[in-house]
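Engineer: Provided below for reference: sequence and predicted model.
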Amino acid sequence: MSEIRRFARNRNIAVGAGVLALVVLAALLAGVVSTHDPRRLNPAERLKAPSARNLLGTDEFGRDVYSLVLHGAQVSLLVGVTTMLLTSLGGIVIGLTAGYYRRVDLVLMRVMDGLMAFPAILLAIALMAARGPGIGNVVFALSVVYTPRTAMLIRSTVLSLRELDYVQAARALGRRDLVIAFRHILPNCVGPLLVQSSFVFAYAILAEAILGFLGVGVPPYVPSWGNVIASGKNVIREAFWVSLFPGLALTLSGLALNLLGDGLRDVLDPRLRVQ
Amino acid sequence: MTVYLVRRLLALVPVLAVVVTVVFLLIHLIPGDPVGVMLGPDATPAQIESTRRALGLDRPLYEQLFKFYVRVLQGDLGQSYFLDRPVVTALLERAEPTLVLTFSALLVAVLIGVPSGIIAAAYPGSLWDRALMLGALLGVCVPGFWLSLNFIYLFAVRLGWLPAAGYASIFADPLAALRYMVLPAVSLGFNQSALIARISRSCMLEALQQDYIRTARAKGLSQGVVTWVHAFRNALVPVVTVIGITMAILIGGAVVTEIVFNIPGLGRLIISAVLRRDYPVVQGVILVTATAYVLINLAVDALYVVIDPRIRYE
């Protein structure tokens, strides 16, 4: 109970989690609270300014921007959560293996170094070039891009934990490597992993929007924040609202996740607190 | 220092080997038959077969990888399918705008980030500190490409102060180049200035708590001299690291900024190559940028030794 109170008392966590909950709620209830079908083209209503009928205006195809933003949250959160889970899983497997088995450490870490040598968004673009557009491929590309960072973090945590007395004691008791790794070491990696995951979530949402904006992410007919901002670019002179509102939603989500990450880091590892 | 640099250079070999291997494997990630995907649905089986042979895709994987390594080491990145010229030539033609944009954005990021961090650290808890760090937090969260669009709307469409898009070579017309570059450089650099400001602040705070700062203050030196002469140089090593990281992020960010501002650089080259399935160009762009990133990191490491002589003896 005191743990939960400690989390709740942190202002960054409270604000970040609160805003994130709102975004999640908007995504879950998109079908209910939307005023229009976000995929329905209506040329007669194109580029209408925000009004009572279209709360955030319409885009160049006459689609309702408010409904597009709500449904875009679904795509962003889906990509964000899935990428976060996959990078955590990949990071745990690679990081634990490298940290625990020194023989494979050198090879695994050089591969991770090599992957991290690519500017993240360029590697994602190249992977999308090979795999083609689609939500699954976006998740695959972003997971490949962000897993090395998580793996490096888990490995360094494992390296510092494996020499501690309780791990040595488990080894002396004859516990198998796998049991030691998963039962004794992994639970102590949860703190740094949680912090890292919240940042990966934020990066993934942003990267998904960038890929969509560049036209190499989810297909253009899928309402995603990046796609809507891209369509807003073409009409920025006549209708600034088309790119403004999905961008605000993206910024707000990024802010929430960054605050959450900062807060979690402060609570879980006060040594790392930014002064 | 030479030993240190040689050791760092040797450490680059496996990293670059992984980079080249990943770039090579890209073409094999294409679902189904890569040649069929490249040539499109209208290609005849004979065309597919001859292209497969021309690309060496009919050979075993290890042989293809070996040949790819040899070609890359010879500076041959293949032939662009659509531009009808070697990939290296295409890259060289498009490098100038990307380099100019990246360095201009770096300049903006450092000019905003470092002084902001130092001012915030010199007066911790003050209104300045809070305002600057709130700005830095927003800077981290605001998507650069969206900021670019808002800048275009405000400064080009509404106020008409600067051009909305385009590029002029700095060698042909420096004044026009500057006008075209202001908005892209500021919108790309602003994001990164936030990261630099946060790191500069925390490093300066740490430096300002050291004994030699207390000694400097006890000697009666002014706040300005203590901050800029004594603390700043000692806080510089991590800041230089971040500037190195920033440079790499900017190369990636430049791709997106080039699309927004219609700048004919490597970013537009890779995106048009993706859309036209011109895989050798895609491979070329990411190979060159990753190599540049690795070399920038090496340069940053070398710079440490100049900034902090203690590192030389470690």
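Structural biologist: Received, thanks. Everything quoted here is computed from the prediction, not taken from an experiment.
Engineer: so is the helix or strand harbouring residue B:14 next to chain A?
Structural biologist: Using DSSP states H and E, residue B:14 sits in helix B:2-26. Yes - shown here: helix B:2-26 in contact with chain A (Cβ under 8 Å from any Cβ of the partner chain) through B:14, B:15, B:16, B:17, B:18, B:19, B:21, B:22, B:23, B:26. No exception for glycine: its C-beta is placed from N, CA and C like everyone else's.
Engineer: ok, and the closest non-adjacent residue to the residue of chain B found nearest chain A?
Structural biologist: Going by Cβ to the nearest Cβ, chain A is nearest to residue B:18 of chain B, at 2.3 Å. The shortest distance from residue B:18 to any non-neighbouring residue, by Cβ to Cβ, 6 or more residues apart in numbering or on different chains, is to residue A:114 (2.3 Å).
Engineer: average pLDDT for the helix or strand just after the helix holding residue B:14?
Structural biologist: Next in sequence after helix B:2-26, counting helices and strands by DSSP H and E, comes helix B:34-39. If you average the pLDDT over helix B:34-39, you get 78.
Engineer: what is helix B:34-39 packed up against?
Structural biologist: helix B:45-55 (3 or more Cβ pairs under 8 Å, 6 or more residues apart in numbering or on different chains; DSSP states H and E).
Engineer: and the next helix or strand after the helix it packs on with helix B:2-26, angle?
Structural biologist: Note on helix B:45-55: by DSSP H and E, the next helix or strand toward the C-terminus is helix B:61-73. Helix B:61-73 runs at 130 degrees relative to helix B:2-26, counting by axes from the mean of the first three to the mean of the last three Cα atoms, to 10 degrees.
Engineer: quick one on the thing from earlier: the residue of chain B closest to chain A contacts residue A:111, correct?
Structural biologist: Yes - counting by Cβ atoms under 8 Å, residue A:111 is a contact partner of residue B:18 at 5.5 Å.
Engineer: can you list residues touching both of these two?
Structural biologist: Shared contacts of residue B:18 and residue A:111 (Cβ atoms under 8 Å, 6 or more residues apart in numbering or on different chains): none.
Engineer: residues contacting residue 39?
Structural biologist: Picking chain A for this. By Cβ under 8 Å, 6+ apart, the residues touching residue A:39 are A:63, A:221, A:223.
Engineer: wrong one, I was asking about chain B
Structural biologist: B:47, B:48, B:51.
Engineer: need these in JSON lines (columns: pLDDT and neighbour count).
Structural biologist: Formatted as JSON lines, the contacts of residue B:39 follow (pLDDT from 0 to 100; neighbours: other Cβ atoms under 10 Å in any protein chain shown):
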{"residue": "B:47", "pLDDT": "84", "neighbour count": "13"}
{"residue": "B:48", "pLDDT": "85", "neighbour count": "15"}
{"residue": "B:51", "pLDDT": "81", "neighbour count": "17"}
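Engineer: still on that earlier bit, what mean pLDDT does the helix holding residue B:14 have?
Structural biologist: Helix B:2-26 comes out at a mean pLDDT of 89.
Engineer: doesn't residue B:21 make contact with residue B:283?
Structural biologist: No - judged on Cβ under 8 Å, residue B:283 makes no contact with residue B:21 at a distance of 11.8 Å.
Engineer: give me the more crowded residue out of the two.
Structural biologist: residue B:283 (26 against 14; other Cβ atoms under 10 Å in any protein chain shown).
Engineer: quick one: list the elements packing against the helix or strand harbouring the more buried one.
Structural biologist: Element membership of residue B:283, judged by DSSP H and E, is helix B:279-307. If you count contacts as 3+ Cβ pairs under 8 Å, 6+ apart, helix B:279-307 packs onto helix A:120-131, helix B:2-26, helix B:87-122, helix B:232-261, helix B:266-275, helix B:310-313.
Engineer: for the first one, packing partners?
Structural biologist: Translated: helix A:120-131. helix A:135-161, helix A:190-214, helix B:2-26, helix B:232-261, helix B:266-275, helix B:279-307.
Engineer: for whichever residue of chain A sits closest to chain B, give me its contacts.
Structural biologist: Here the residue of chain A nearest chain B is residue A:114; by Cβ to the nearest Cβ that distance is 2.3 Å. Residue A:114 makes contact with B:14, B:15, B:16, B:17, B:18, B:19, B:21, B:22, according to Cβ under 8 Å, 6+ apart.
Engineer: again, 6 Å this time
Structural biologist: By Cβ atoms under 6 Å, 6 or more residues apart in numbering or on different chains, residue A:114 lies in contact with B:15, B:18, B:19.
Engineer: just the CA coordinates of the lowest-mean-pLDDT helix or strand in chain A, formatted as PDB?
Structural biologist: In chain A, no helix or strand scores lower on mean pLDDT, DSSP states H and E than helix A:2-9, which sits at a mean of 76. Presented in PDB, the C-alpha positions along helix A:2-9 are these (Å, rounded to 0.1, in the frame of the first residue of the first chain):
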ATOM      1  CA  SER A   2       2.800   2.400   0.900                       C
ATOM      2  CA  GLU A   3       4.400   1.600  -2.500                       C
ATOM      3  CA  ILE A   4       1.200   2.800  -4.300                       C
ATOM      4  CA  ARG A   5       1.000   5.900  -2.100                       C
ATOM      5  CA  ARG A   6       4.700   6.600  -3.000                       C
ATOM      6  CA  PHE A   7       3.800   6.500  -6.700                       C
ATOM      7  CA  ALA A   8       0.700   8.500  -6.300                       C
ATOM      8  CA  ARG A   9       2.400  11.200  -4.300                       C
END
